[in-house]
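*Asks:* Below is the sequence, then the predicted model.
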Amino acid sequence: MTNSTAGLSRRSALVLGGAAAVFSLSPLGAVANTGTWQRVDEVLAVLDGADPIAQGMVLDLPLVSENGASVQVNLSVDRPMADGEFVESIHLFAPGNPYPEIATYHFTPLSGRPAVETRIRLNETQTVIALAKLSSGAVLVGEQEVRVTTSGCLTDADTYDTANEFQTRVRAPEVLATGDIGEVLTIINHPQESGLRTDASGDMVPMRLIERFEATLNGEPVFSADLNRSVATNPYIKFHIAPQAGGTLELIWTEDTGESAQASAEISVS
C-alpha cells in the first residue's frame, strides 16, 4: 500500500517542558507541565485532571505534508503489553482542525503491541497530540508539529471508488509461532465525508463517517477504534495481534448510518 503523503518523516516522542519539567515519583518519567496539549479542551477532557508524563508516547509524522488530506501517522508506546501495566488506549488530536478529535484506538492483551498506523486529515500547519492511557491510570503525552502546504479537511469527490463503496481488504499472517506478534493491515473504500464541503451546486454534502472499527479473534476482542471526521478518505488501519491459539479474525467497519462491512482471515498458531 502506497503512502500519498509527501515530505520528510521523523520518529518523535517530543519532550515537553525541557529543563522546566517536574519529576514525579512515577518510574515512567517526568510530568509534562508545558505543551500545546494544555490549551486544547478535548485533550483536557480526556485527561480529566491527570498529569500526563512526557515519556514513551511516540509519534511518527512527516515534517512537511504537501497534501493535508492524507497524512500518514504511526503511533506507538514503548512499553510491553504486560499483565501488570499495559496500554489501554491511544487518543489522537489535531487542534488546528475544525473538530480536533481524530480517533481513539483501544488495545487488549491480544493486541500484543500498542501500536497503530493510519492516515489522517490536517487542516493547517499545527501540532498533533497523542495521549496514551495505561491500565495503572498513568497517561503519557507526545506532540509533533507538522507543516501543511494544502489544507486537507475537505473530501475530494474523486479520491474514492464510488461504485465499490464498503469494499474491504485485509492482509494478515496465515501462520504465527506461539508467542509471536503478527501485523494486520485492513482498508475500506469509503468517502469519510466530513460534512464540511459543498458539491458542484453549492449544496452541503452530508456527513458520512466510518465511526467504528472492531477486530475480534474467535469472538474475543483484539483491537478497536472510534473514528471521527479527521480520518482520511478510504480509512486504513495497521494494528497487531498476538494470538494464543489459531482461529478466525473478524473485522467490522461501521458507518454512522448503521451500515457495516465485514472481512475475515484465518490465522494458525503453531
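*Replies:* Structure's in. What do you need? Numbering: from 1, shown residues only.
*Asks:* for the residue lying closest to residue 226 once chain neighbours are set aside, phi and psi?
*Replies:* In this structure, residue 226 finds its nearest non-sequential neighbour in residue 104, 4.6 Å apart by C-beta to C-beta, 6 or more residues apart in numbering. Heads up, the C-betas are built off the backbone N, CA and C, glycines and all. Main-chain torsions, residue 104, degrees, to the nearest 10: phi -130, psi 130.
*Asks:* who's residue 104 bridged to?
*Replies:* residue 91, residue 226 (DSSP bridges).
*Asks:* mind listing what it touches?
*Replies:* 89-92, 225-226 (C-beta atoms under 8 Å, 6 or more residues apart in numbering).
*Asks:* where does this protein have low pLDDT?
*Replies:* 1-29, 82-83, 153-161 (pLDDT under 70).
*Asks:* what about the strands in the stretch 151-270 of the chain?
*Replies:* Counting by DSSP state E, counting those that start in this stretch, the stretch 151-270 of the chain has strands at residues 168-171, 175-176, 182-188, 210-217, 220-227, 236-241, 247-255, 260-269.
*Asks:* TSV please, covering those and showing mean neighbour count and distance to residue 114.
*Replies:* Shown next, in TSV, are the strands of the stretch 151-270 of the chain (neighbours: other C-beta atoms under 10 Å; distance: least, C-beta to C-beta, whole Å):
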stretch	mean neighbour count	distance to residue 114
strand 168-171	15	20
strand 175-176	16	18
strand 182-188	19	14
strand 210-217	20	14
strand 220-227	20	10
strand 236-241	21	9
strand 247-255	18	18
strand 260-269	15	20
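*Asks:* if we can go back for a sec, now, which of the contacts of residue 104 sits nearest residue 52?
*Replies:* Proximity of the contacts of residue 104 to residue 52 (C-beta to C-beta) peaks at residue 91, which lies at 10.9 Å.
*Asks:* nearest spatial neighbour of residue 195, skipping sequence neighbours?
*Replies:* Per C-beta to C-beta, 6+ apart, closest to residue 195 is residue 207, 3.0 Å.
*Asks:* Thought residue 229 was touching that neighbour, still the case?
*Replies:* Yes - assessed by C-beta atoms under 8 Å, residue 207 is found in contact with residue 229 at 7.2 Å.
*Asks:* Same drill for these two, tell me which one is more crowded.
*Replies:* The neighbour comparison of residue 207 against residue 229 (other C-beta atoms under 10 Å) goes to residue 229, with 21 against 13.
*Asks:* Common neighbours of residue 207 and residue 229, please.
*Replies:* Common neighbours of residue 207 and residue 229 (C-beta under 8 Å, 6+ apart) are 194-195.
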